[in-house]
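Novice: With the input below, show me the fold.
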Amino acid sequence: MSSLWSGLLRFGFTTKDPGTFRNSLPKYACPDLTNSGHTYAKALPERYAQKNNVLHFYVSSAGNVHFGINGEEKGVILSNLKLNGPLWALIDVYGNTTKIEFVGE
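Specialist: Numbers count the residues shown, from 1 in each chain. All right, here's what the predicted structure looks like:
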């Protein structure tokens, strides 16, 4: 984490194959990708943006994106995703977030 910027990590899902972004990845997930109609993402609520916190998120069969911190469910952050094909997870290292690390279960 950094205190030099404003804003936080964005996360969500996209229905657009990331391979199609070669050499044309937009600068920002929000709003560049979220306004496209194929990407759903939100900023991590500020109170959860702490060094060494572990974020998890998933899509329910109802099309809702649930998230949690350090194994504790926090709720739904996005609703009504279109579940008519493949989804890819999206993480935008933005603002005060300086790095992320993928960890196992």
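Novice: Relative to residue 8, how far out is the nearest residue to residue 67 once chain neighbours are set aside?
Specialist: Nearest residue to residue 67 in three dimensions, chain neighbours excluded: residue 57, at 4.1 Å (CB to CB, 6 or more residues apart in numbering). Placement of C-beta: from N, CA and C, glycine included. Distance of residue 57 to residue 8, given as CB to CB, to the nearest Å: 14 Å.
Novice: Spit out the residues that contact these two alike.
Specialist: The contact sets of residue 57 and residue 8 do not overlap (CB atoms under 8 Å, 6 or more residues apart in numbering).
Novice: list the buried ones in the longest strand anywhere in the chain?
Specialist: Using DSSP state E, we find that the single longest strand of the chain is strand 72-78. By neighbour count on 16 or more other CB atoms under 10 Å, the buried set for strand 72-78 is 74, 77-78.
Novice: and of those residues, the nearest to residue 28?
Specialist: residue 78 (16.9 Å; CB to CB).
Novice: Run through the bridge partners of that closest one.
Specialist: As for beta bridges, residue 78 partners with residue 65 under DSSP bridges.
Novice: Kindly report the same for the one 10 residues further on.
Specialist: According to DSSP bridges, residue 14 are recorded as the beta-bridge partners of residue 88.
Novice: List the contacts of it.
Specialist: By CB under 8 Å, 6+ apart, the contact list for residue 88 reads 13-18.
Novice: Check what pLDDT it gets.
Specialist: For residue 88, the model assigns a pLDDT of 95.
Novice: and it, how far is that from residue 45?
Specialist: 23 Å.
Novice: Show me the strands in the protein, by range?
Specialist: Using DSSP E, strands in the chain cover 10-14, 39-43, 55-59, 65-69, 72-78, 88-92.
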